[in-house]
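Enquirer: Following is a predicted model, sequence given first.
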2 protein chains.
Amino acid sequence: MKKQAFTNMVIAQSGGPSMVINQSLVGAVLAARAKKVGTKIGKILGARHGIAGILGRDYVDLRKVDGKKLLAIAATPSSALGSCRLKPTAEDCRKIFEEFKRLKVGYFFYIGGNDSADAARIVAEEAEKDGYPLVCYHIPKTIDNDLRSCDHTPGFASAVRFVASALKGDDLDNRALGGVKIDVIMGRDAGFLTAGAALARAHRDDGPHLLYFPERPFSEETFVADVQATMKKFGRCVIAVSEGIKDETGASIGAKFAGGEKDSHGNVQMSGTGALGDYLSRVVKEKAGVKRVRADTFGYLQRSFPGVASKVDQKEARTAGAAAVKAALAGQLTKGTIAIVRKPGKKYAVAFEPQPVANAAKYTRSLPDAYIAANGHDVTKAFLDYARPLVGELPACEIL
Amino acid sequence: MKKQAFTNMVIAQSGGPSMVINQSLVGAVLAARAKKVGTKIGKILGARHGIAGILGRDYVDLRKVDGKKLLAIAATPSSALGSCRLKPTAEDCRKIFEEFKRLKVGYFFYIGGNDSADAARIVAEEAEKDGYPLVCYHIPKTIDNDLRSCDHTPGFASAVRFVASALKGDDLDNRALGGVKIDVIMGRDAGFLTAGAALARAHRDDGPHLLYFPERPFSEETFVADVQATMKKFGRCVIAVSEGIKDETGASIGAKFAGGEKDSHGNVQMSGTGALGDYLSRVVKEKAGVKRVRADTFGYLQRSFPGVASKVDQKEARTAGAAAVKAALAGQLTKGTIAIVRKPGKKYAVAFEPQPVANAAKYTRSLPDAYIAANGHDVTKAFLDYARPLVGELPACEIL
């Protein structure tokens, strides 16, 4: 690769925030600020609210933020630069390159999920078409864990820590007062986070007793039978259900109740409403004949609750940010993403590999069949073995 | 007081669980197990599911549980003995005394809120009527903080830690993506827990920007105007609203959507549904003209999430349990509760005072006027000064 004409960089965050997306931001900024021989980064500009900040010329000078503050930002949930959900058009890209030219920007880093990777891909491809000299890297983030390029994505393990901790406490609450408890968990298309709820279990009869994923068609009839069987077995029932469950035709059940709001990537908004939980409650009350039924929708707390992040996740998110800057400076790819690859062997270890951005963009992956139990409403040991090293120890809970 | 004829004790938990109700259980058990001169406790029986466990002869022998396990139970959220929501009838009381006589029980401890205190009062008064020799103590617990006998109740500060932490993260999430975020918080009649959300604020423009309490009539019109004013000021708006808000006539707004389920104390079930949040979302979308509106109902996580309990709360809950046993053995009252009284002075300190059980029973207290801002949608400095020492430091969050 030829030497970059411009050495300034822009970094931004996009899509849903997570508990560790700021770790990636700070990892990238610290790597860009590191003094070393060879190619160097000039200005480090943080664009506020993703691409919107570039189009609106709204930046934070990230060379001027002192190291102590940067570390505090890293430990803070949500996207410190602000976020957006914007699919750039070719016209947006022209404006972005004009702005980049004005600012002498040769490096662009975009932290986010599959839609953000797709936005980065579009920007990179349009730059190539236009002959604008840009090295563009996507840095992975999503609590949904659905990037095809990653064994697991930064943000996922911390969200699982929240969900599994919540289920642990909620199961104890249900143990005390009985009945059926339904917990609705984020994940529009992938059941990874709902599967993570299974990590809450420690004792034989601990919940969640039933888990429902978008990867298996949801039938009211089977659901009612599952609940009745669990009530018979344990005298109570705790359920973890993905907000993304679909009926036999593949239509989202939650979307029916969610008002139909869509972002510019075409995703229907599903969180931020208790309607799916309330519907499932009604089903259990009316068809399973259970009197005490409660539903909670965990909502935005799953991605933003402070103080519960996974240590492994924090470290990996930081490293992924740094890896993108290093790969960009090394000139390995001009349109890249950082893939997180698990190394074979008993001891948990990962590698951070530069890969073409298209590997992370647009299309997502689902919870693999090997992680879903044959009955369709539980996880397998393979899933637990996959998830445990990422999530770490949960608070110990004892029963009488 | 004459020496108790029977020296065995029964202890039970009742009402909604909390993060520290097991601290009170363990505090009482350890005090009862302590070797010392004078009156001694014989058997220590934990009745499962409150009074229901006595009527159904379902006990745990708490002398046999080893110390290490007891300490693990203390640190575990929810009610380890199980709970119930049962107002004992005179006939129930007769059955309880028959059972107590069979087991040679002279001491009864009941951990719970105002309804549980009322249940303890009923049992104690019926025992007196029947001439059954019983020393009966209520041990305070409620996340609602609405016992008239306590400066604050065990369970409250830990629930505030959850709520304020959640609001901290949620405010950062709203900062990143904008719009209006509504968080519905527990508290059927008292706004203490909703007020606690204000502890989340650290920076000038931090949310929650608006707080709504059951103590002030909720008007859709004022609400819409408040939201519009906040959107104008900050370009975004985070709202903490009590599940117990009432309209001008005093009718609960949430109860309209909650299905009308009642317990034997006559309380309408309100948590475990997202309906109030969804209603408020619709109001903001339709009448305040805001496009991005999300609502989360924190639900049962507020009282059961492991790992976030307040250290002060844990210690005080333990001490309250021990104080009840000590007071019962000292023979100060036969129908008692442990009041938590804040000592005057700058340094935070409390005393645990035996008081008549009637002081805690049935009637609740509200968030005092002095804690509600003149505008009706915020707290005063007096509230923050009151709550901060109980809750402790929250996770630090930094903004760019």
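Expert: Okay, I see it.

Enquirer: for A:Gly392, phi and psi?
Expert: Phi and psi for A:Gly392, reported as degrees, to the nearest 10, are phi 80, psi -180.

Enquirer: do the same with A:Gln355
Expert: For A:Gln355, the backbone dihedrals (degrees, to the nearest 10) come out as phi -140, psi 160.

Enquirer: contacting residues for it?
Expert: When contacts are counted by C-beta atoms under 8 Å, 6 or more residues apart in numbering or on different chains, A:Gln355 touches A:149, A:333, A:336-339. All C-beta atoms are positioned from the backbone trio N, CA, C, and that covers glycine.

Enquirer: Tell me which two in those are the farthest apart.
Expert: Maximum pairwise distance among the contacts of A:Gln355 (C-beta to C-beta): 12.5 Å, between A:Ser149 and A:Leu333.

Enquirer: Between the two, which is the more surrounded one?
Expert: Neighbours were counted for A:Ser149 and for A:Leu333 using other C-beta atoms under 10 Å in any protein chain shown; A:Ser149 has more, 23 against 18.

Enquirer: one step back: lowest-confidence entry in the contacts of A:Gln355?
Expert: Among the contacts of A:Gln355, A:Leu333 carries the lowest pLDDT, at 93.

Enquirer: Go ahead and confirm that residue touches A:Pro356.
Expert: Yes. Contact between A:Leu333 and A:Pro356 holds when scored by C-beta atoms under 8 Å: they sit 6.5 Å apart.

Enquirer: Within range of chain B, give me the residues from the stretch 301-400 of chain A.
Expert: When proximity is defined as C-beta under 8 Å from any C-beta of the partner chain, the stretch 301-400 of chain A approaches chain B at A:301, A:303-308, A:394-400.

Enquirer: What about those, which one has the most neighbours?
Expert: A:Ser304 (31 neighbours).

Enquirer: what helix or strand is the closest residue to it other than its chain neighbours on?
Expert: With sequence-adjacent residues excluded and distances taken as C-beta to C-beta, 6 or more residues apart in numbering or on different chains, A:Ser304 is closest to B:Gly169, at 3.5 Å. When elements are assigned from DSSP states H and E, B:Gly169 belongs to helix B:156-177.

Enquirer: Also A:Ala12?
Expert: strand A:8-13.

Enquirer: what lines up beside that strand in the sheet?
Expert: Strand A:8-13 has these partner strands in its sheet, going by DSSP bridges: strand A:44-47 (parallel), strand A:105-112 (parallel).

Enquirer: winner for burial among those?
Expert: strand A:105-112 (a mean of 28; mean count of other C-beta atoms under 10 Å in any protein chain shown).

Enquirer: May I have the residues that are in contact with the residue nearest to A:Ser304?
Expert: Applying C-beta under 8 Å, 6+ apart, we find B:Gly169 in contact with A:19, A:77-78, A:300-301, A:304-306, B:397.

Enquirer: which of the residues in the helix holding B:Gly169 are buried?
Expert: For helix B:156-177, a neighbour-count test (16 or more other C-beta atoms under 10 Å in any protein chain shown) marks B:156-177 as buried.

Enquirer: how many other residues sit next to the closest residue to A:Ala396 other than its chain neighbours?
Expert: Closest residue to A:Ala396 apart from its sequence neighbours, by C-beta to C-beta, 6+ apart: B:Ala72 at 6.4 Å. Residues lying near B:Ala72 (other C-beta under 10 Å) number 18.

Enquirer: which helices and strands sit right next to the strand or helix carrying B:Ala72?
Expert: Following DSSP H and E, one finds B:Ala72 within helix B:67-74. Judged by 3 or more C-beta pairs under 8 Å, 6 or more residues apart in numbering or on different chains; DSSP states H and E, helix B:67-74 is in contact with helix B:21-33.

Enquirer: wait, which of the strands paired with strand A:8-13 is closest to A:Phe213?
Expert: strand A:105-112 (23.5 Å).

Enquirer: quick check, distance from that closest one to the centre of its chain.
Expert: Put simply, strand A:105-112 sits 19 Å off its chain's centre (C-alpha atoms, centre = their mean, to the nearest Å).

Enquirer: Let's see it as CSV, backbone CA atoms only.
Expert: The C-alpha trace of strand A:105-112 is given here as CSV (Å, rounded to 0.1, in the frame of the first residue of the first chain):
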residue,chain,number,x,y,z
VAL,A,105,-8.2,13.0,7.0
GLY,A,106,-6.6,9.7,5.7
TYR,A,107,-8.0,7.3,8.3
PHE,A,108,-11.5,6.6,9.3
PHE,A,109,-12.6,4.3,12.1
TYR,A,110,-16.2,3.3,12.7
ILE,A,111,-17.2,1.4,15.8
GLY,A,112,-20.5,-0.5,15.6
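
Enquirer: Give me the phi and psi angles of A:Phe352.
Expert: Dihedral angles of A:Phe352 (phi, psi; degrees, to the nearest 10) stand at phi -110, psi 110.

Enquirer: Show the contacting residues for A:Ile245.
Expert: Residues near A:Ile245 by C-beta under 8 Å, 6+ apart: A:212-214, A:218, A:252-254, A:276.

Enquirer: and those, which two are the farthest apart?
Expert: Largest separation among those by C-beta to C-beta: A:Phe213 and A:Leu276, giving 14.0 Å.

Enquirer: Using neighbour counts, pick out the buried residues of stretch A:5-17.
Expert: In stretch A:5-17, counting by 16+ other C-beta under 10 Å, buried: A:6-17.

Enquirer: And for stretch A:62-77?
Expert: For stretch A:62-77, by 16+ other C-beta under 10 Å, it's A:62, A:65, A:70, A:72-77.

Enquirer: which residues of chain A fall in helices?
Expert: Along chain A, the segments classed as helices by DSSP state H run A:21-33, A:51-55, A:67-74, A:90-103, A:114-130, A:156-177, A:192-196, A:220-234, A:275-287, A:301-304, A:311-330, A:381-391.
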